[in-house]
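Enquirer: Got a predicted structure here, sequence first:
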Amino acid sequence: MEDPMAAIRETFFQECDEQLAELETGLIAMENGTAETETVNAVFRAVHSMKGGAGIFALDALVRFAHVFETALDKVRSGTLAATPAVLGVFLRAADVLADLVHAARENTSVDNARTATMVAEFDKINNDCETPSPAPAKTAPAAGSGLFEAALEEQNSAWEISFTPRAELYAKANETAIILRELRRLGEIDVRLDASCLPELSELDPEGAYLTWHIKLTSDCDEAAIRHVFEFVEDDCVLLITPPEPQGFVPGTVITGDNGFKFEFFPPPEDEEPAPEPEAAVPPPPREAPAAAKNPAVEVMAAKAESAAAVSATIRVDLDRVDRMIDLVGELVINEAMLSQRVLEAGIARASGVAMALEELEHLTREIQDSVMAIRAQPVRSVFQRMPRLVREVAAQTHKQVRLVTEGEGTEVDKTVIERIADPLTHMIRNAIDHGLESTERRIEIGKPAEGTVKLIALHRSGRIVLEVSDDGAGINRARVREKAVENGVIAADAQLSDDEIDNLIFLPGFSTAAKVSDISGRGVGMDVVRQSVAALGGRISITSRPGLGSTFTLSLPLTLAVLDGMVVSAHGHTLIIPLSAIVETLKPRAQDVFPLDHEINVLALRGGYVPMVDIANSLCYSESFIEPEQSVALLVEGEGGVRAVLLVDAIHGQRQVVIKSLEANYRAVPGIGAATVMGDGRVALILDVDAMVRNARSDAGRGAELAVTEAV
Amino acid sequence: MSNALELPMILDLIAAPSLLEEFISRRGDALAVDAGAVQRLGAQCLQVLLAARAAWAADGQKLLLENITEEFSATLELLGATPDDLTHDLSHDAQQDGPILDNKELAA
């Protein structure tokens, strides 16, 4: 039988991933100065939650480190430690160490203890730094404080006020106040006051209800985390207010955030409340004050809590397999619906008949279901982008360069399968940008660039695809060096005439690296060609633009989803093919006088003052030996990656429809020129054309000289 | 003493409903509660005991707690209550109303 703890453990690690991402985002926001009050709380919560979860699984190393981290964060939260860039630098590195510890715990591998120890030492240092210069505010606050008053303050200073109101669920889950209080007593001396004011009449009492509130004064020098730790398992099932030992009480307007995300605010006391004790009175404020002040917030807490509960229930965690299964089924539904349409058509039922109308509605509905199901899988690219800052830090440290990562469009949504598979290519491209793209710091200063290099990562939607750009402000591609290297490796002939663009694109060829020395980071010659392959496997394209001295930009263009596609149904020599609609610019009927032969098999079409190579689909897919007469064909002007165009010739266009993509590689094998397959309404398999491959072929067949002559005039 | 109630050994969540019934069925008369067997006390049974005490006080009847075990009193103390909070002795009315009233004030 499967270990039930294993599943919980897995959930814990999934949550850790989310918390780590949140931690990173928060810290970076703090670093950039875009942090809000809530940010530091969110950061603290992330670490704290991980610590809590790790405790359950007895991941001691993780708990210990998280505790040290949390302690420092708490100081920032309480204002005793300023979040200087140096401190944030430590935090960011600590986040990396924490991620490593989580990873090690998940994989049951060992961790670099030395690194953890170094981090702990750094924390000790910042903790000490913050303690020496700033005396506790309690001691400086009362200007005219007598010795006695100060003593009273001091004494009170170590007493935490905890107000704890369990809900019935707490007991129903077999938790017990007595046990919690006993735990609390381990932390220090407790003074418990029971508030039974909400207890109903005996006859109205629900024996399983919860009516009591406990006000606990805890005299201990422990931190808030330690107290919260006691309430760890019950904090969702109670109203918990923890007031730190501050003599002044809370300034009205102070906002406290609970561990589970709820907030409450302290209000100024009513005017008619007894005045604060005179310093001479030498008595601590009446103990009732704190709970009384807490009354109002308690209502807020409950309201906020209800809100946060609603927010929590708004998302569910679903096994990806289930979603995939549903997507498959919806795919089948779409095919089935198409088949039904076909049958209705074949049965000769009139278009205006009830059956046809109902069918049309079904079609709309199916489409909507499909869109909704696809939306379930859509995720913002944020999850991938969030991994990059760490990568940048590490690579920057290894290469001794100063790098700033700028990201844009994290919210851009794309299918989960795409997300999962762009992480590696992106990682590689960013490494490459830092290692090869950016100059060394000395060199940058020498040529008058800012010492800190910038790597930009941008995501955006463009014509039904997601475009990812990785750009750097480095030296750009050293074309002379690339060319030299290509000749050296026998990739091109020594006398080959290449355009700048073509030289740039040489770096995508296998075994190509121009870095003078092979580094750990990149430059083993398995670089960009691997990236290009993995991108191509996703139905994506990669291109590069580079300006000497100004930097390079890699552009990745990927389909938003790998499951459905809007396509034009065409036929070529009796075969039905699908051409992705996103690639089609326009359709036209070529006229004989616009067609110019370049050689015995390649024609170009004159189109609005420019020339575009023509591709006979039937011939290039070997359906037919002969060539189609351009005048007899329908031409589709298509655009491949980088705006390169070609005209595809087919026999006829049969309409437009959404098709469910079935992988050809998975079910058969890869076929050049064909991207995938689909099942048509009549149950037959139709192939989906790989437009890029077609355009590329047309361009390479047409020869370089011709290609240069015909480009971009359209 | 016309009525007696012996508390079970474990006064936890599960014991609370039956404990409540016991009290309700004995309402209207003076009651002596024997806590001699109690080894464990939970907050929900404490609620019943507190409510019972309030009910007996409202009825003007005596409610006594006898044979308090060490475990029982230790847990009571931990939960911020005293045996006095659970008894209603007519001769000590004034004192005993103290803590409960205090809490009512707080709620007001």
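Expert: Cool, the structure landed.
Enquirer: contacts and neighbour counts: CA atoms only from here.
Expert: OK.
Enquirer: Return the residues of chain B in contact with chain A.
Expert: B:13, B:16-17, B:20, B:24, B:42-45, B:47-48, B:50-52, B:54-55, B:75, B:78-81, B:100, B:103-104, B:106-107 (CA under 8 Å from any CA of the partner chain).
Enquirer: show me where chain B has strands.
Expert: Secondary structure of chain B by DSSP state E: the strands cover B:4-6, B:10-11, B:31-34, B:40-41, B:63-66.
Enquirer: Dump these to TSV, plus mean neighbour count and mean pLDDT.
Expert: What follows is those, written out as TSV (neighbours: other CA atoms under 10 Å in any protein chain shown; pLDDT from 0 to 100):
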stretch	mean neighbour count	mean pLDDT
strand B:4-6	15	86
strand B:10-11	18	85
strand B:31-34	20	89
strand B:40-41	20	86
strand B:63-66	19	88
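Enquirer: Among those strands, which comes closest to A:Ile544?
Expert: Comparing the strands of chain B by their distance to A:Ile544 (CA to CA), the top pick is strand B:40-41, with 73.2 Å.
Enquirer: out of all of them, which strand in chain A is the longest?
Expert: Per DSSP E, chain A has its longest strand at strand A:452-462.
Enquirer: ok, and for it, which residues are buried?
Expert: A:Glu452, A:Gly453, A:Thr454, A:Val455, A:Lys456, A:Leu457, A:Ile458, A:Ala459, A:Leu460, A:His461 (16 or more other CA atoms under 10 Å in any protein chain shown).
Enquirer: Then stretch A:543-554?
Expert: So for stretch A:543-554, counting by 16+ other CA under 10 Å, buried means A:Ser543, A:Ile544, A:Thr545, A:Ser546, A:Gly549, A:Leu550, A:Gly551, A:Ser552, A:Thr553, A:Phe554.
Enquirer: For that stretch, give the mean pLDDT please.
Expert: Regarding stretch A:543-554, the rounded mean pLDDT is 88.
Enquirer: how long is that stretch from one end to the other?
Expert: 6 Å (CA to CA, to the nearest Å).
Enquirer: one step back: out of the strands of chain B, the one nearest A:Asn336 is which?
Expert: Among the strands of chain B, strand B:10-11 comes nearest to A:Asn336, with 62.9 Å by CA to CA.
Enquirer: that older thread, can you flag the buried ones in the residues of chain B next to chain A?
Expert: B:13, B:16-17, B:20, B:42-45, B:47-48, B:50-52, B:54-55, B:75, B:78-81, B:100, B:103.
Enquirer: what's the longest helix in the chain?
Expert: Since no chain was named, I'll use chain A. helix A:4-32 (DSSP state H).
Enquirer: wrong one, I was asking about chain B
Expert: Every helix in chain B considered (DSSP H), the longest is helix B:43-59.
Enquirer: Residues in contact with that helix: which ones?
Expert: Applying CA atoms under 8 Å, 6 or more residues apart in numbering or on different chains, the external contacts of helix B:43-59 come out as A:171, A:176-178, A:196, A:199-202, A:205, A:207-212, B:11-13, B:15-16, B:19-20, B:23, B:27-28, B:30, B:62-63, B:79, B:85-88.
Enquirer: I'd like to know which of those are buried.
Expert: A:171, A:176-178, A:196, A:199-200, A:202, A:205, A:207-212, B:11-13, B:15-16, B:19-20, B:23, B:27, B:30, B:62-63, B:79, B:85-88.
Enquirer: Show me these that map onto helices.
Expert: Per DSSP H, the subset of those in helices is A:Tyr171, A:Thr177, A:Ala178, B:Ala16, B:Leu19, B:Leu20, B:Phe23.
Enquirer: residues contacting the last one?
Expert: For B:Phe23, the set of contacting residues under the criterion of CA under 8 Å, 6+ apart consists of B:Ala52.
Enquirer: Tell me the pLDDT of it.
Expert: Looking at B:Phe23, its pLDDT is 89.
Enquirer: okay if I get the ones in helices among the buried ones among the contacts of helix B:43-59 as TSV plus distance to A:Asp501?
Expert: Output for those, formatted as TSV (distance: CA to CA, whole Å):
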residue	distance to A:Asp501
A:Tyr171	70
A:Thr177	72
A:Ala178	75
B:Ala16	81
B:Leu19	86
B:Leu20	86
B:Phe23	91
